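Novice: From the sequence below, what's the structure:
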Amino acid sequence: MGRLVVTLVLLIAAVSACQGTFPTPSPSPSPSPTPSPTATPSPTPSPTPTKTASPTPTLDPLATPTPLPTDAPGAYAAVRSYEDALLAGRYEAAWGMLGKGSQGTWGSLESFGKERSAFLATSGTAYKEQIHPENTLSLSQWIEGTTWGSGINQAKAYLISVTWTALADDTGAVEIWVANPVPGGWKLYKAH
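Specialist: Sure, this is the predicted structure:
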C-alpha cells in the first residue's frame, strides 16, 4: 500500500512539472473527455509452487489384493479376473485364485500352465460369462461327489458358466465354475 502512495505522489509531481515547462496544446475541434488516472493496487506476488516429482510406487508382489465385491457381482468379477489373468499369461496369478481342491485337478502350477496355455491356443480370447446358467445342473448337483464339494458354502456360492466364442459349437466351449466366498475374497472350483 505504501508503494502505491509513493507512486501516486511521484506521478502527480511529474504531471505538475511538465505543465510548467511545455506549452499546453490547443484544443482540438471535437474535444473528448480525458479519463483521469486512478490508482489500481498491484497484486502482491506470491511464490509459485514448484512441482516435485513423486516417486513411482513399487507394487509389492506379496501384497493382499483389494477384495472383490461380495454376492453375485463379486463371484462374477472373480471368474472374470481369473480368465483375464489366463489371457494375459499370468498363470501363477490365476492358479492362486483356485481353491485347493481345484488346483488338485492339475496337480501343479506347471501342469496347469501347460494345459491352460494349450486350451487358450484353440479357444481364442473372447468369452462370455453367465451367472446362474440355465439348462445345466444345479450347484449341489455339480459339486456332488467332488473331493472339494464339502468345503463349498452352498448358501453363498455361485455357479458361473464361461463360454469361449471360438469354440461355440464344441462341448469344450463351456466351462462351469463354482465361485465360493472365503475370508477376503473368492476361491474358484472348476466343475466342468
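
Novice: residues of the top strand by length along the chain that come out buried?
Specialist: Longest strand of the chain, by residue count under DSSP state E: strand 174-182. By neighbour count on 16 or more other CB atoms under 10 Å, the buried set for strand 174-182 is 174-181. (Each C-beta comes from the backbone N, C-alpha and C, glycine too.)

Novice: What of stretch 85-93?
Specialist: 85-87, 91, 93.

Novice: phi, psi of V162?
Specialist: Per-residue torsions, V162: phi -120, psi 120 (degrees, to the nearest 10).

Novice: Dump the buried residues of strand 174-182 to a markdown table, plus pLDDT and distance to K100.
Specialist: Formatted as a markdown table, these follow (pLDDT from 0 to 100; distance: CB to CB, whole Å):
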| residue | pLDDT | distance to K100 |
| --- | --- | --- |
| V174 | 87 | 24 |
| E175 | 90 | 19 |
| I176 | 91 | 19 |
| W177 | 93 | 15 |
| V178 | 95 | 13 |
| A179 | 95 | 15 |
| N180 | 94 | 11 |
| P181 | 93 | 15 |
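
Novice: Next, format the buried residues of stretch 85-93 as TSV and append distance to D169 and pLDDT.
Specialist: TSV is the format used below for the buried residues of stretch 85-93 (distance: CB to CB, whole Å; pLDDT from 0 to 100):
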residue	distance to D169	pLDDT
A85	26	96
L86	22	95
L87	21	95
Y91	27	96
A93	30	97
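
Novice: Of the residues you listed, which belong to helices?
Specialist: Among the buried residues of stretch 85-93, the subset assigned to helices under DSSP state H consists of 85-87, 91, 93.

Novice: At which residues are the strands of the protein located?
Specialist: Shown for the chain, the strands assigned by DSSP E span residues 127-131, 158-164, 174-182, 185-190.
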